[in-house]
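> what would the 3D arrangement of this be:
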Amino acid sequence: MSNTSFQFDLTLNNFDIPDGGKYPIFLFGIAIYLFSVFCNVTLLLLIILKRNLHKPMYFILFSLPLNDLVGINTMLPKVLSDIVTTSNHVSYPLCVLQAFLLHMYGGGVLFILAAMSFDRYVAICMPLRYATLMTPKIVICIISLVWGLDFAFVCLLFSLQSRLPKCRSVILNVFCDNPSLLKLTCGNPTLNNIVGLFNTAVMQAISVSVQGFSYVKILISCMLTKKLDMKTKAVNTCMAQLVIFVMFEIVATFTILSHRFQNVSADLQKIMGMLIFLVPPLLNPIVYGLYTNEIRSTLLTLWKFRVHANV
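Got it, this is the predicted structure:
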């Protein structure tokens, strides 16, 4: 197959599921999908519609459920459809699009959490200057930088992948990603592997550095202050972001390790790969609902209003 042939079909290496287990797994997956979409859309609508959430922190937070919706919608519907239809084919352009969006999702998580931690650093450590530092223009610049960096890193990765000739047609996964596409090539992938590792290292370094700096500064500020309400606010706002970041890193680490050991089954490797796109979109809005006072109180107010309206 030539490098310019962009219309050929690829075969996905789907799960080996007995006929009796297909529909229970499908229904379970649909339940997870609908719950995740509902929670993330609810969070988006809250930020859009409720004026008390029209603040820099929530404008930056808006990118997180948006990114989660990209991740779960790009991966899960196709996987669930393939389980019940026993279809395991995808066109090359759609495979590349899916891989591109999934990598955008992964990088987006890292950069969005870094931006959110910086916002909390300014709010907690420099509260009197917060309004002048986090102006609408600055917030737009931060959001643009988050998505711009993510797009640039992923474009670099896929531009290198597209230059190699394709000579295979089987994707060794249930969804498309850059490593799977790279295994279709018959050229020398050394440069791609180096750039891929470089991308991952730089993105992780940027995210961890910004978050580490921000949270260390916040911790020092909380230790020096005698105001209990400030400490409580710092814990509530920062804990959610730390939980989400740690959760994402744990899932990503287990996924990477599952592909490094020979004795790990292929189905387990596939499941671990899917968890990156399932767990954060499922739990992120719940974590923010629990730890962020304004979101929690807004939801409770809406719930009480609906209950009283129905009485």
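> residues near Leu12, how many?
Look at Leu12: counted by other C-beta atoms under 10 Å, it has 21 neighbours. Any C-beta I mention is one placed from the backbone N, CA and C, and that applies to glycine too.
> can you tell me the closest non-neighbouring residue to it?
Asn88 (4.5 Å; C-beta to C-beta, 6 or more residues apart in numbering).
> isn't that neighbour up against Asn14?
Yes. At 4.7 Å, Asn88 counts as touching Asn14 under the criterion of C-beta atoms under 8 Å.
> give me the common contacts of the two.
Both Asn88 and Asn14 are in contact with Asp82, where contact means C-beta atoms under 8 Å, 6 or more residues apart in numbering.
> distance check, Phe118 against Ile142.
Using C-beta to C-beta, to the nearest Å, Phe118 is found at 7 Å from Ile142.
> also Ile17?
Ile17 sits 44 Å away from Ile142, going by C-beta to C-beta.
> ok, Leu110 touching Val202?
No. Counting by C-beta under 8 Å, Val202 is not a contact partner of Leu110; they are 10.2 Å apart.
> who has more neighbours out of those two?
Each of Leu110 and Val202 has its neighbours counted (other C-beta under 10 Å); Leu110 has more, 26 against 12.
> contact partners for the more buried one?
Contact analysis of Leu110 by C-beta under 8 Å, 6+ apart lists Met203, Gln204, Ile206, Ser207, Phe248.
> so the last one: helix, strand or coil?
In this case it means Phe248. Applying DSSP: H, G, I helix; E, B strand; the rest coil to Phe248 yields a three-state assignment of helix.
> quick one: contacts for it?
Val109, Leu110, Leu113, Ile276, Val279, Pro280.
> just to revisit the earlier point, which one's more surrounded, Ile17 and Ile142?
Ile142 (21 against 16).
> sorry, back to before: distance of the residue nearest to Leu12 from Ile17?
The gap separating Asn88 from Ile17 is 12 Å, by C-beta to C-beta.
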